[in-house]
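Colleague: Kindly return the folded structure for what I paste below:
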Amino acid sequence: MRYDFQTYLKEQYGRWANFSQTAPNPKAGGLPGAIIYEGSGPGHCGCNYAKNYPFAFGPRLGMAYQFLSKTVLRAGIGVSYGRTPELGYLDYTLSVFGGYSSPSFADPATSLSQGPPIPWSWPNYDPGLFVTPNGPLSAPTVAIDQNAGRPPRTIMWSVGIQREITSNLIVEASYVGNRGAWFQGNVLENVNAISYQRLAQLGLDIKNPEVQTLLTSPVNSALAQKYGIKIPYVGFAATNTVAQSIRPFPQYGDIGRIWSPLGRTWYDSLQVSATKRFSRGFDFNTNFAWQKELSLGVETSYNLFATIAPQVNDVFNRPTNKTISGLSRPFVFVFAGNYTTQSWISNKALNWAVKDWTIGALLRYQSGQPIRVPNANSLIMRQLGRSATAFTFANRVPGQPLFLKDLNNRGSYDPTRDFVLNPAAWTEPAPGEFGTSAPYYNDYRYQRRPQENMSIGRSFRFREGRLVFMVRAEFTNIFNRTWYPDPVSNTYTAQQLRNSTGATTGGFGWVNVLGTLPLSQGLAPRQGTLVGRFTF
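Modeller: Purely as a prediction, here's the structure:
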């Protein structure tokens, strides 16, 4: 049994400004949605932004039972906890400590010609921070989730059988699974989004084309007056859209939560391994995994610098965002082995030259990375105030092939002449509706890219081992495979373009062979390194 107690991150003097959904905002006519400051004393809320989780108990149990002379059953289950949210690029939000943000990295905060260096008191504990009457909209940089002190939890289990085939060879097959909860899933919530219920209260039908036009019209337009839309508070700029005026907190733009423990993960796999101990110069370990990885609002423990961003389609129907992970690899095979040459030849000199060379190989073969479903052109999410840059996914067309060419058969297409993705496989959602596609599909993946590395080396010993000369050669991409860059896949309506010679130059399914291949998309051409070391 293990027990953990952790606390959420806080500023020790309570100067870190945070968004409150209930506190009245004096610059927005007293509407809910103001800035509060943690702790006690003048200007403070007398509260804590979040709660710490006191029940992080992690029991673990394992067992092994030898029910045959060479066969063992193993099983285990355990609960483990990660850490509460880390610093998380917090310096990006330092302006919220006092409401000042320099226009650019090169500009000074102030100049001496303007008087004292700091023209405002700090901290000022202003509950109306970020609201400028009749000015441009902004939003609180920080909106801390009240459950920020809850660490992510993972329940893991496995059941497997291990069998000794020979004295030097063991094979094992196991079912391995886990369930994760309370990971950061900030994308699953937007507190300033317009829900269907809010539209219904106002008698608005998002599927009505006129209502869709209304939402993007200024609040002082004739169409807004026809529907009886009013300015929500004195100081709200009349040029703002109707959608902005009916948001839960019209004084702000997008309000993004941080440290929301809403993310969940699911993992199930069959794992098979074989291990050969060193004998007759040969040893190896090989592993095969057939696995399924699902996620909801999370791809890594901290998403800001992740290689894959979590995807969300409909924040109003959270369970529908459960999807195949963008990091999914259903099939993975890895082989790592070494062979040391033996004494094969009776000739003493020749035998000395060929024996004791160690040849090593590390080979990895796996499924391709999933291709994210392309964006739809529908403005539904922006019209609902989900986000100024939000999108929904295009719908998949039944019976249409996803690919025009087989990405894993490089000889079947010319990347300079052929488009590889089929735009006819996707279509627009109905007006006023979210797309029905999942972000990823198992049969919609980029090219597989094996990793194949080998080495050969030997140590020569002289004068009873007092002098040692080691030579080693290492090769990456030993078979010199060629990788093409990933095709353009984000917008299926992007026009497929060719130049005067018929070569592809852009559009959905275009492979930019003249572009630089990112390291994440494959290996460089075959490379080798020769190392020699003399020890005395």
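
Colleague: Just to be sure, Ala424 is in a strand?
Modeller: No - assessed with DSSP: H, G, I helix; E, B strand; the rest coil, Ala424 is helix; it does not lie in a strand.

Colleague: Just to check, it is in contact with Val397?
Modeller: Yes - with contacts counted by C-beta atoms under 8 Å, Ala424 reaches Val397, the gap being 6.6 Å. For every residue, glycine as well, the C-beta is placed using N, CA and C.

Colleague: of the two, who's got more company?
Modeller: Val397 (14 against 11; other C-beta atoms under 10 Å).

Colleague: quick one: low-confidence ranges for the stretch 301-450 of the chain?
Modeller: Along the stretch 301-450 of the chain, segments meeting pLDDT under 70 span 302-306, 380-383, 385-389.

Colleague: domains in the chain, as residue ranges please.
Modeller: For the chain, the structural domains run 2-101+120-190+258-366, 396-536, going by automatic domain parsing.

Colleague: Quick check: Ala143 touching Val191?
Modeller: Yes - here Ala143 reaches Val191: they are 6.7 Å apart, a contact under C-beta under 8 Å.

Colleague: Which one's more surrounded, those two?
Modeller: Ala143 (24 against 18).

Colleague: Could I get the phi/psi values of the closest residue to that one other than its chain neighbours?
Modeller: Residue nearest to Ala143 in three dimensions, not counting chain neighbours: Phe19, with 3.9 Å by C-beta to C-beta, 6 or more residues apart in numbering. Phi and psi for Phe19, reported as degrees, to the nearest 10, are phi -80, psi 140.

Colleague: from memory Phe19 sits against Asn25, does it?
Modeller: No - counting by C-beta under 8 Å, Phe19 stays clear of Asn25, with 10.1 Å between them.

Colleague: what do the two both touch?
Modeller: Listed as contacting both Phe19 and Asn25 by C-beta atoms under 8 Å, 6 or more residues apart in numbering are 33-35.

Colleague: Mind checking which of those are in strands?
Modeller: Per DSSP state E, strands hold the following members of these: 33-35.

Colleague: Mind putting those into CSV with pLDDT and distance to Ile206?
Modeller: Listed next are these as CSV, based on pLDDT from 0 to 100; distance: C-beta to C-beta, whole Å:
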residue, pLDDT, distance to Ile206
Gly33, 96, 23
Ala34, 95, 29
Ile35, 93, 31
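
Colleague: Can you lay out those as JSON lines showing distance to Ile229?
Modeller: Shown next, in JSON lines, are those (distance: C-beta to C-beta, whole Å):
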{"residue": "Gly33", "distance to Ile229": "19"}
{"residue": "Ala34", "distance to Ile229": "24"}
{"residue": "Ile35", "distance to Ile229": "27"}
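
Colleague: Run through the neighbouring helices and strands of the strand ranked longest in the chain.
Modeller: Using DSSP E, we find that the single longest strand of the chain is strand 263-279. Contacts defined by 3 or more C-beta pairs under 8 Å, 6 or more residues apart in numbering; DSSP states H and E place strand 263-279 against strand 169-183, strand 282-296.

Colleague: quick one: strands adjacent to it?
Modeller: Counting by DSSP bridges, the strands paired with strand 263-279 are strand 169-183 (antiparallel), strand 282-296 (antiparallel).

Colleague: now what about the first one, what contacts it?
Modeller: Residues from elsewhere that reach strand 169-183 (C-beta under 8 Å, 6+ apart): 74, 82, 147, 150-165, 261-277, 297-298, 301.

Colleague: Buried members of the residues you listed into ChimeraX, please.
Modeller: Listed next is the ChimeraX selection for buried residues among the contacts of strand 169-183, using 16 or more other C-beta atoms under 10 Å:
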select :74,82,147,150,151,152,153,154,156,158,160,162,261,262,263,264,265,267,269,271,273,274,276,297,298
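
Colleague: Do a quick rundown of the strands in the stretch 351-500 of the chain.
Modeller: 358-366, 395-396, 426-427, 451-462, 467-476, 497-498 (DSSP state E, counting those that start in this stretch).

Colleague: ok now the last one, how far from the chain's centre?
Modeller: So that's strand 497-498. Centroid separation between strand 497-498 and its chain, computed with C-alpha atoms, centre = their mean, to the nearest Å, is 32 Å.

Colleague: Identify the residues contacting that strand?
Modeller: So strand 497-498 is in contact with 504-507, 510, going by C-beta under 8 Å, 6+ apart.

Colleague: Report the mean per-residue pLDDT for the helix or strand that it is followed by.
Modeller: For strand 497-498, the following helix or strand on the C-terminal side (DSSP states H and E) is strand 504-506. Averaged across strand 504-506, pLDDT comes to 93.
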